[in-house]
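Chemist: missing the sequence, but the structure's below:
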């Protein structure tokens, strides 16, 4: 801005006019300073607004990632629950199989639910005892259980029947 003091010779003007011009110039300088301060504040606020927008965008991206992680965690929880249920079911089925194998070993597979014990040895011992209590039904009948069944004509029940009827 050009210096107005150089454009107009203020000495030619009357003192009250010169004082008024000087006062106006002072006010103008204050307004220019205020304008510059407001412009600097505006620029600073614009910069902060832009930074806030970037932070908001970053937060929204993280929120989207969080939602994806939350969904994956929910699926993982469901899979973990399913896995635990399957492990429990597998354990129960394994126990039933061990009990059934012990009962089949002594020919009483249909009585497997009556056998007591927690280990294979305990189950086999109880199956053997139960087979004896059932009066001879405890003969090994399942070759897969590790025994060869006796031939039909040597079956004690058949022999007892033959003896009873005279055959």
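Modeler: Looks like it came in fine. Keep in mind that this is a model prediction, so the values were computed, not measured.
Chemist: got a list of what the closest residue to residue 113 other than its chain neighbours touches?
Modeler: With Cβ to Cβ, 6 or more residues apart in numbering as the criterion, residue 113 has its nearest non-adjacent residue at 7.5 Å, and that residue is residue 99. No exception for glycine: its C-beta is placed from N, CA and C like everyone else's. By Cβ atoms under 8 Å, 6 or more residues apart in numbering, the contact set of residue 99 is 112, 113, 115, 123.
Chemist: could you give me the average pLDDT of the strand or helix carrying residue 92?
Modeler: For residue 92, the host element (DSSP states H and E) is helix 15-105. Average pLDDT, helix 15-105: 93.
Chemist: chain center to the very next helix or strand once past it: distance?
Modeler: Going down the chain from helix 15-105, the next helix or strand is helix 120-133, by DSSP H and E. From the chain centre to the centre of helix 120-133 is a distance of 44 Å (Cα atoms, centre = their mean, to the nearest Å).
Chemist: equivalent analysis for stretch 20-35, please.
Modeler: Distance, centroid of stretch 20-35 to centroid of chain: 69 Å (Cα atoms, centre = their mean).
Chemist: over to stretch 49-66?
Modeler: That offset, for stretch 49-66, works out to 26 Å (Cα atoms, centre = their mean).
Chemist: pull out the buried residues from it.
Modeler: Using 16 or more other Cβ atoms under 10 Å as the test for burial, stretch 49-66 gives no buried residues.
Chemist: now, the most widely separated pair of the contacts of residue 99?
Modeler: Pairwise distances across the contacts of residue 99 peak at 11.7 Å for 113 and 123 (criterion: Cβ to Cβ).
Chemist: mind checking pLDDT for residue 156?
Modeler: Confidence score, pLDDT, at residue 156: 73.
Chemist: compute the number of surrounding residues for it.
Modeler: 12 (other Cβ atoms under 10 Å).
Chemist: swap in residue 127?
Modeler: Neighbours of residue 127 using other Cβ under 10 Å come to 28.
Chemist: could you measure from it over to residue 156?
Modeler: Separation of residue 127 from residue 156 (Cβ to Cβ, to the nearest Å): 18 Å.
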